[in-house]
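> predicted coordinates and the sequence they were generated for:
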Amino acid sequence: MSRAVLSAGSNVGDSMAYLRSVVDGFAADLVAVSSVYSTPPWGGVEQDDFLNITLIVDGRHDARQWLGRCAELERSAERTRDIRWGPRTLDVDVISVADAGSVIVSDDPVLTLPHPRAAQRAFVLIPWLEIEPDATLWTPEGERAVADLVDELDAADRDAVRCVGRVAVGRETAGRDSAGRETGGSA
Ligand SMILES: Nc1ncnc2c1ncn2[C@@H]1O[C@H](COP(=O)(O)OP(=O)(O)OP(=O)(O)O)[C@@H](O)[C@H]1O
Ligand SMILES: Nc1nc2c(c(=O)[nH]1)N=C(CO)CN2
């Protein structure tokens with residue numbers, strides 16, 4: 001039983017559908033999901049902008065099991081690993097895991113926790129702050145408020161992260177509201 005913060009991103013194919021597959025995949029354990037953000041590529045590889053979301057999940061899984069489920073969703077999206085930090089249909093990372101309220105810190109290369117690059121990533125922090133305004137992240141400098149980490153990001157990086165909508169969940173798709181009723185919008 002643990003609570004995890006996950007980050008999902010896509011910049012190849014039907015990115016919104018890939019992000020929806022993550023929300024649907026974690027539906028049973030979902031505590032919160034952020035809006036969808038358009039984010040410039042992080043990491044220096046020239047490529048299209050990403051769509052990103054951050055999720056909070058809570059359930060009968062340990063940290064390795066959350067990672068396993070993230071990998072399963074990446075496989076379903078036919079994710080390939082060609083270029084480090086390069087284009088991908090779907091990337092789902094484990095950002096932080098707390099077990100009975102205690103944050104897990106690990107330098108295991110298979111699952112490093114908290115995610116070692118999360119503190120520098122506007123595409124992780126800004127969506128996370130939206131769904132958990134008092135969130136904190138364990139860093140080598142100690143426990144830091146996510147709000148402060150966002151303030152410390154380069155203003156250009158921060159400003160380039162734009163909210164573009166929400167993932168439609170369950171029966172909520174184009175032309176339907178959250179109860180699955182037709183809204184008369186474009187279907
Ligand atoms: N916190 C973590 N979340 C996800 N994968 C992790 C984590 N820590 C270690 N890994 C390992 O990293 C490996 C490579 O992951 P991946 O290809 O998604 O990296 P990346 O998304 O290109 O880069 P980054 O790790 O900087 O996000 C995975 O096989 C996984 O075992
Ligand atoms: N904006 C953004 N940039 C990235 C992303 C991502 O999800 N969003 N994922 C990467 C893979 O590690 C590399 N760079």
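In hand now; what should we look at? Ligands and ions are numbered 1, 2, ... in the order given.

> gap between stretch 26-35 and the chain center?
10 Å (CA atoms, centre = their mean, to the nearest Å).

> what average pLDDT does that stretch get?
Across stretch 26-35, the average pLDDT comes to 97.

> what's next to that stretch, contact-wise?
Stretch 26-35 is contacted from outside by 3, 6, 23, 53-59, 61, 69, 127-128, 130-132, 163-167, 169-170, using CB atoms under 8 Å, 6 or more residues apart in numbering. Glycine gets a C-beta too; all of them are placed from N, C-alpha and C.

> any idea where the helices of this structure begin and end?
Remark: helices assigned in the chain by DSSP state H are 15-25, 63-76, 122-131, 146-152, 155-159.

> mind giving me the packing neighbours of the last one?
Spelled out, that is helix 155-159. Where contact means 3 or more CB pairs under 8 Å, 6 or more residues apart in numbering; DSSP states H and E, helix 155-159 is packed against helix 122-131.

> find the one among the helices of the chain with the highest mean neighbour count.
Greatest average neighbour count among the helices of the chain goes to helix 122-131 (a mean of 23), per mean count of other CB atoms under 10 Å.
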